[in-house]
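J.: attaching a predicted model along with its sequence, questions to come.
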Amino acid sequence: MLVTPLSAADIAFVRSLVIHEDRDVIVFAKPAGLSSQGGRIAASTLDDLMAAFAKPSGARPRLVHRLDRDTSGVILAARSQPAAAFLGKAMMARRIYKTYLAIVAPGAPALRAGLIDRPLRRELQGREAYVRVCEAGREGAQSASTRFRTLASNETAALVELTPRTGRMHQLRVHMASIGHPIAGDPRYGGALMLGGLAVPRLMLHALTLRFPHPAGGETTITAPVPADLALLLSNLCLGGGGGGR
């Protein structure tokens, strides 16, 4: 397969996304609009851009997990095969913890904090993949659970913290929609495209923190700055700046 070399602009761009780097891992603050890995669109992905960090042998970092294209925030890559194997096992053992921020509407969930524990099932509609809440035991059903906590709210919208305990496709988006408070900017699952007379620029979901066992020992927690578009919408909605986490 022919691989197009990265341009100087590509290299500068991906290096600008780095928020932590050591001999074993690189952590990025992925912007919304950049796919993690190859999908249906013919465009550069974060995985493609890993070539900027390739060793002389050609070996390059491997992404440990993914974020949806329109989700911003923290994403982890392993710099070597041993580090990738270590972190892959940690992921399988659910020892990698993620915290997200999301703007949901209308208003806040009835409970200020709680657990959504509802199985999910992937369905195809034409060429598009959707995820639906379903009954346990149904063919294709996968267990899924998400903790939520309201950080700020008004009648229009709410800023919530989301902590997935499983990692299913579109899990946070579908779980919040299932309790009547879809994530703003998510037309696929009923999210508002206008809030308080303001256009919602994209899916208002941000991977804020990532806590993981480090291949060299101990535990590491990395926080990705809240992007300007999300912070501006929060400010305009009088929901604060959204910089909090646990």
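T.: Now that the structure is in, tell me what you want to look at. Owing to the predicted nature of the structure, the values given are computational and were not obtained by experimental measurement.

J.: tell me the SS of the spatially most central residue of the chain?
T.: The geometric centre of the chain, computed from its C-alpha atoms, lies nearest to L67 (CA atoms, centre = their mean), at 4.1 Å. Assigned by DSSP: H, G, I helix; E, B strand; the rest coil, the conformation of L67 is coil.

J.: likewise for the one 3 residues further on?
T.: The local conformation at D70, judged by three-state DSSP, is coil.

J.: nearest residue to it in space, please, no chain neighbours.
T.: Distances taken as CB to CB, 6 or more residues apart in numbering place L203 nearest to D70, at 3.9 Å, with adjacent residues excluded. For the C-beta atoms, the positions are set from N, CA and C on the backbone; glycine is no exception.

J.: tell me which element the one you found falls in.
T.: Taking DSSP states H and E as the definition, L203 sits outside all helices and strands.

J.: distance-wise, check it relative to Y100.
T.: With distances taken as CB to CB, to the nearest Å, L203 is found 11 Å from Y100.

J.: kindly report the same for A51.
T.: To Y100, A51 is 28 Å away according to CB to CB.

J.: again with A199
T.: From A199 to Y100 the distance is 22 Å (CB to CB).

J.: next one: A52
T.: Separation of A52 from Y100 (CB to CB): 27 Å.

J.: these two touch, right, V64 and A77?
T.: Yes. Assessed by CB atoms under 8 Å, V64 is found in contact with A77 at 6.4 Å.

J.: mind listing the strands for this structure?
T.: Secondary structure of the chain (DSSP state E): strands located at 18-21, 25-30, 62-63, 72-78, 97-104, 113-117, 120-125, 128-133, 145-153, 158-164, 194-195, 198-199, 205-213, 219-223.

J.: the ones you listed into JSON lines, with extra columns for mean neighbour count, mean pLDDT and distance to H181?
T.: Shown next, in JSON lines, are the strands of the chain (neighbours: other CB atoms under 10 Å; pLDDT from 0 to 100; distance: least, CB to CB, whole Å):
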{"stretch": "strand 18-21", "mean neighbour count": "15", "mean pLDDT": "98", "distance to H181": "29"}
{"stretch": "strand 25-30", "mean neighbour count": "23", "mean pLDDT": "98", "distance to H181": "25"}
{"stretch": "strand 62-63", "mean neighbour count": "19", "mean pLDDT": "96", "distance to H181": "30"}
{"stretch": "strand 72-78", "mean neighbour count": "24", "mean pLDDT": "98", "distance to H181": "20"}
{"stretch": "strand 97-104", "mean neighbour count": "24", "mean pLDDT": "98", "distance to H181": "4"}
{"stretch": "strand 113-117", "mean neighbour count": "15", "mean pLDDT": "98", "distance to H181": "10"}
{"stretch": "strand 120-125", "mean neighbour count": "13", "mean pLDDT": "92", "distance to H181": "17"}
{"stretch": "strand 128-133", "mean neighbour count": "15", "mean pLDDT": "92", "distance to H181": "14"}
{"stretch": "strand 145-153", "mean neighbour count": "19", "mean pLDDT": "98", "distance to H181": "9"}
{"stretch": "strand 158-164", "mean neighbour count": "22", "mean pLDDT": "98", "distance to H181": "7"}
{"stretch": "strand 194-195", "mean neighbour count": "16", "mean pLDDT": "97", "distance to H181": "12"}
{"stretch": "strand 198-199", "mean neighbour count": "11", "mean pLDDT": "94", "distance to H181": "18"}
{"stretch": "strand 205-213", "mean neighbour count": "22", "mean pLDDT": "98", "distance to H181": "13"}
{"stretch": "strand 219-223", "mean neighbour count": "16", "mean pLDDT": "98", "distance to H181": "24"}
